[in-house]
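Engineer: A predicted structure for the sequence below; I have some questions about it.
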Amino acid sequence: LLMPGLKQFGDYCPVPFAGVVPFMDLDLDDEDSVSCRLANRFKRDDGKEDIRIAVVKLPFISNHSDFTVFYSLPFAGIYYASSPEELEGADLIILPGTKNTIRDLESLKGSWMKERILAEAKKGTLIIGICGGFQMLGERISDPDLVEGGGSAEGLSLLPVSTLFSENKTQKQVKTVLGDPGGEFSLLSGAKIRGYEIHMGVMEGEEISPVTVNGNVLGTYIHGFFDPPELLGKLFKILFRRKGIEREMDLKDPLLHMDNELNRLAEVLRDNLDMDLIYRAIGL
């Protein structure tokens, strides 16, 4: 059906077509700002989940693919919380990455979300901050060089660290074995972790590599922190034990699933595109 149209376009603009890619139903990570998963309609209310995970829905949320691994777990209900009331009953609260840390921190204060997070921390709920969420859990964030618009803000002071933004951006792969982080997260000791760091800011305070823990609060710069099956299994053992639940888990490596989906896409592209044309266009 498309061929007459492609020919007509070719008559107007003599640029060769590489082909037509058919629609595919692929399970790949979404763009940060357009994912349907950010809607609260993905919240599970059927009572079947053993563990409820609330991700704070920041206005400038980023890297929410960090939490894709939770969607495939039948015993976990994950949802994005936009109000303090939605944090009630959560077994784990996560502060995600952000494109503007100070503005999102101020939004927590303006919506009473800050007070609720502090109350949950005092109650003993497990709280984890990833990247920008990690920085928010600290004592102060300063941006004197206007990296994200400037300013300074007091953090949630749940972790003994402070962040100073600078022009230098940290970008690196991480692969290591976690030592004993202490606190409520001691069971994570010995877990192999992998992921990547991509963030602005230099953090001062206690040891932050690869995690910082204060009781029931943990912070890390590592995106993909939850993906390794060993670490994820240890985390859920902590959550299960806190609720008195005995449960066996068969966790799969999400990277294997991602590789399979990308291989499916690559095969369809090879079958439907003029690959010789593409290779010539990119100089191969």
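Structural biologist: The structure has been received and is ready for your questions. Numbering: from 1, shown residues only.
Engineer: What segments of the stretch 101-250 of the chain are strands?
Structural biologist: Assigned by DSSP state E, counting those that start in this stretch, the strands in the stretch 101-250 of the chain fall at 126-130, 140-143, 151-154, 161-177, 192-205, 211-214, 217-220.
Engineer: So which of the ones you listed has the densest surroundings on average?
Structural biologist: strand 126-130 (a mean of 27; mean count of other Cβ atoms under 10 Å). For every residue, glycine as well, the C-beta is placed using N, CA and C.
Engineer: where does this protein dip in pLDDT?
Structural biologist: 32-49, 206-208 (pLDDT under 70).
Engineer: Need the three-state assignment for the most centrally placed residue in the chain.
Structural biologist: Nearest to the mean C-alpha position of the chain, by Cα atoms, centre = their mean, lies residue 66 at 2.6 Å. At residue 66 the chain is in helix, as set by DSSP: H, G, I helix; E, B strand; the rest coil.
Engineer: The one 5 residues further on now?
Structural biologist: Classification of residue 71 by three-state DSSP places it in helix.
Engineer: Go ahead and confirm it touches residue 79.
Structural biologist: No. Judged on Cβ atoms under 8 Å, residue 71 makes no contact with residue 79 at a distance of 10.7 Å.
Engineer: Counting neighbours, go ahead and name the busier of those two.
Structural biologist: More neighbours surround residue 79 than the other of residue 71 and residue 79, with 22 against 13 (other Cβ atoms under 10 Å).
Engineer: wait, is the more buried one part of a strand?
Structural biologist: Yes. Under three-state DSSP, residue 79 falls within a strand.
Engineer: For it, name its beta-bridge partners.
Structural biologist: Residue 79 has the following beta-bridge partners by DSSP bridges: residue 54.
Engineer: Would you mind measuring from it to residue 122?
Structural biologist: Counting by Cβ to Cβ, to the nearest Å, the gap from residue 79 to residue 122 is 23 Å.
Engineer: go on, residue 98?
Structural biologist: Counting by Cβ to Cβ, the gap from residue 98 to residue 122 is 24 Å.
Engineer: More neighbours: these two, which one.
Structural biologist: Just comparing residue 98 and residue 122: by other Cβ under 10 Å the higher neighbour count belongs to residue 98, 26 against 11.
Engineer: any common contacting residues for residue 71 and residue 79?
Structural biologist: Counting by Cβ atoms under 8 Å, 6 or more residues apart in numbering, residue 71 and residue 79 have no shared contacts at all.
Engineer: For residue 214, list each beta-bridge partner.
Structural biologist: Under the criterion used here (DSSP bridges), residue 214 is bridged to residue 217.
Engineer: ok, it - contacts?
Structural biologist: By Cβ under 8 Å, 6+ apart, the neighbours of residue 214 are 158-160, 183.
Engineer: Show me what the longest helix along the chain packs onto, helices and strands only.
Structural biologist: What stands out as the longest helix in the chain, according to DSSP state H, is helix 254-272. Helix 254-272 sits against no helix or strand, with contacts defined as 3 or more Cβ pairs under 8 Å, 6 or more residues apart in numbering; DSSP states H and E.
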